[in-house]
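Trainee: turn this into a structure:
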Amino acid sequence: MTNLHTLKIAYIGGGSKSWARSLMNDLALESRISGKVALYDINYEAAVQNAKIGNQISQLEEAKSNWKYEAVSTMEEALSESDFVIISILPGSFEEMASDVHTPEKYGVYQSVGDTVGPGGFVRALRTIPMYVEIANSIKQHAPDAWVINYTNPMSLCTRTLYEVFPEIKAFGCCHEVFETQSLLAEVVKEFLNEEVAQRSDIKVNVLGINHFTWVNQASYQNIDLIPYYKQFVEKYAETGFEKEEGSWKNSVFSSCQRVKFDLFKKYGVIAAAGDRHLAEFMPPIYLKDPETVSSWKFHLTSVDFRKENLKKRISENEELAEGNHKFEINSSGEEGVKIILALLGVEEVVTNVNYPNKGQIEGLPLGAIVETNALFRNNTVQPVFAGRLPLDIHNMVHRHVLNQESALQAALTKDKQLALNTFVNEPLLTVSREEAEELFDEMLKNTKDYLPGWAI
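Mentor: Predicted coordinates for the structure are as follows:
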């Protein structure tokens, strides 16, 4: 098929060892767009390496489009004349992340991810927000009409910062956690309706909440209400958990048996629509009391040492790919970024879950807060789908996190250490004494001080 659109995409964080290649594969598999991807990264050599990989992927026989990848040395060069901007960065290094995740363990506070909420997610946000202030100002100056897709965590605060700095920005955040819930519901269909779901998008869901603390209060397949069947599914697997192959959850730190998700359904009567590792961090330490408790709920603490080792493997693999010593295979990532790009170009329409300012799509949450609901993407527009109101008990939990995120934003923008501390101690996971919380806060800030210029640390 002839390409209908020739584009320029700016990739901020273009030295990425995983997300960049996912984008390259998805672009290569789509015949209706082509163009140039400008890769910008503070690690210029990593961007150069990804440019080599991207250009090799474009030249493969099975590639359906023609993209030119180029590493650039400035954000301005990447953004200039861009139609779309993709942001996927690591805010800081794994050393700072190690402090985010593991320093609280000295106080008996455990986190399974540490990138969204909890003490780790909060401190990560403090150092990420200034980076997003810079990115937003650059977009405002050099690509004010571009559509901006964010993949970086903490998703809500990254996207919220973009709008705080540049209110007219056309930005939204994409996350695949709800996709996994749709896949789980496909298993419900298989078990109770004896049907194979062709693709997860055939499962229709009403999404409402905030990133990584999303909820589904309506779910259907071919107009069949799945909530009653999900209830039976939960009753059957609440204690044992569910997995396609018995014992497989132990083989990956990113896997679980869905027991946290099932327990939340039993307590609140609504489907929790994110992975157990994320959901657990939004609650008091019910599921994260200690490593033994985590194991009993059949999910994992993701250590930063694991991430470091995993990065070494990806670096080695990318080096092999860049030098042409490794066979390329083009596989779809399952992400929807490229589908959304097509929709915004007017090629097709897409309805999917995104993180976007609340314009009333969730009743009762502050307007302007970044919420996660479905949205309709069509020619140069995104229209949030009205999702309704969360049940009061869930609303209260979600609202607390929304207000904490707003406080975190203001503390980061004004370098207000007292506001930051008072927000920090309001994290549900943090059940230590005020004195211990202050000690932990000071230690974590010192560990990330290189990314907090102007703070009194």
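Trainee: need the CA coordinates for stretch 365-373. PDB is fine.
Mentor: Listed next in PDB are the C-alpha coordinates belonging to stretch 365-373 (Å, rounded to 0.1, in the frame of the first residue of the first chain):
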ATOM      1  CA  LEU A 365     -12.500  14.400  40.800                       C
ATOM      2  CA  PRO A 366     -10.900  17.800  40.300                       C
ATOM      3  CA  LEU A 367     -11.100  19.300  36.900                       C
ATOM      4  CA  GLY A 368      -7.700  19.400  35.300                       C
ATOM      5  CA  ALA A 369      -6.400  16.400  37.200                       C
ATOM      6  CA  ILE A 370      -4.900  13.700  35.000                       C
ATOM      7  CA  VAL A 371      -7.300  10.800  35.000                       C
ATOM      8  CA  GLU A 372      -7.500   7.600  33.100                       C
ATOM      9  CA  THR A 373     -10.600   6.800  31.000                       C
END
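Trainee: show me the contact partners of it.
Mentor: Residues from elsewhere that reach stretch 365-373 (CB atoms under 8 Å, 6 or more residues apart in numbering): 155-157, 159-160, 163, 173, 175, 178, 207-211, 214, 353-362, 384-385, 387, 395, 398-399, 402-403, 405-406. Just so you know, the C-beta spots here come from the backbone N, C-alpha and C atoms, and that holds for glycine as well.
Trainee: again, but for stretch 230-244
Mentor: 184-185, 187-188, 191-192, 219, 249, 255-259, 262-263, 265-266, 271, 298.
Trainee: follow-up on the earlier one: so which of the contacts of stretch 365-373 belong to helices?
Mentor: Judged by DSSP state H, these include 155-157, 159-160, 163, 178, 395, 398-399, 402-403, 405-406 as members of helices.
Trainee: what is the nearest of the residues you listed to Lys339?
Mentor: Minimum distance to Lys339 across these is 14.6 Å, recorded for Val178 (CB to CB).
Trainee: and the residue positioned nearest the centre of the chain, how far from Lys298?
Mentor: By CA atoms, centre = their mean, the chain has its centre lying nearest to Cys175, at 4.3 Å. Cys175 is 23 Å from Lys298, where distance means CB to CB, to the nearest Å.
Trainee: please apply the same query to Val148.
Mentor: Val148 is 37 Å from Lys298, where distance means CB to CB.
Trainee: swap in Ala198?
Mentor: From Ala198 to Lys298 the distance is 29 Å (CB to CB).
Trainee: so which of these two has more stuff around it?
Mentor: Lys298 (19 against 8; other CB atoms under 10 Å).
Trainee: what domains does the record give for the protein?
Mentor: The record's domain split for the chain, according to automatic domain parsing, is 5-92+118-175, 93-117+176-302+335-457.
Trainee: which one, of the ones you listed, ends up nearest to Glu320?
Mentor: Here domain 5-92+118-175 is closest among the domains of the chain (CB to CB), at 10.0 Å.
Trainee: quick revisit: most packed of the domains of the chain?
Mentor: Highest mean neighbour count of those: domain 5-92+118-175, a mean of 21 (counted as mean count of other CB atoms under 10 Å).
Trainee: list the contacts for the nearest residue to Lys308 once chain neighbours are set aside?
Mentor: Nearest residue to Lys308, sequence neighbours excluded (CB to CB, 6 or more residues apart in numbering): Phe94, at 5.4 Å. Going by CB under 8 Å, 6+ apart, Phe94 touches Val304, Arg307, Lys308, Leu311.
Trainee: once you drop chain neighbours, what's closest to the first one?
Mentor: Right, the one you point to is Val304. Looking at Val304 with CB to CB, 6+ apart, the closest residue is Ala98, at 4.1 Å.
Trainee: rewinding a little: these two touch, right, the residue nearest to the centre of the chain and Thr352?
Mentor: No. Counting by CB atoms under 8 Å, Thr352 is not a contact partner of Cys175; they are 10.2 Å apart.
Trainee: average pLDDT for the longest helix along the chain, rounded please.
Mentor: The longest helix of the chain (DSSP H) is helix 118-142. When pLDDT is averaged over helix 118-142, the result is 98.
Trainee: stretch 324-335 now?
Mentor: 84.
Trainee: what's in contact with it?
Mentor: Counting by CB under 8 Å, 6+ apart, 22-23, 25-26, 28-29, 56-57, 60, 62-63, 174, 176, 179, 317, 320-321 sit against stretch 324-335.
Trainee: helix or strand right after the lowest-mean-pLDDT helix or strand in the chain?
Mentor: Here the helix or strand of the chain ranked lowest by mean pLDDT, DSSP states H and E is helix 304-322, holding a mean of 84. Per DSSP states H and E, the first helix or strand lying C-terminal to helix 304-322 is helix 337-344.
Trainee: helices and strands around the host helix or strand of Ile149, which ones?
Mentor: Using DSSP H and E, Ile149 falls within strand 147-150. For strand 147-150, the packing partners by 3 or more CB pairs under 8 Å, 6 or more residues apart in numbering; DSSP states H and E come out as strand 84-87, helix 155-165, strand 170-173, helix 337-344.
Trainee: just checking, Gln218 is part of a strand?
Mentor: Yes. Checked against DSSP: H, G, I helix; E, B strand; the rest coil, Gln218 lies within a strand.
Trainee: next up, the contacts around the closest residue in space to it that isn't next to it in sequence.
Mentor: Distances taken as CB to CB, 6+ apart place Asn206 nearest to Gln218, at 3.9 Å, with adjacent residues excluded. Counting by CB under 8 Å, 6+ apart, Asn206 touches Val216, Asn217, Gln218, Ala219, Asn374, Val385, Ala387, Gly388.
Trainee: gap between Asn206 and Gln405?
Mentor: Applying CB to CB to Asn206 and Gln405 gives a distance of 23 Å.
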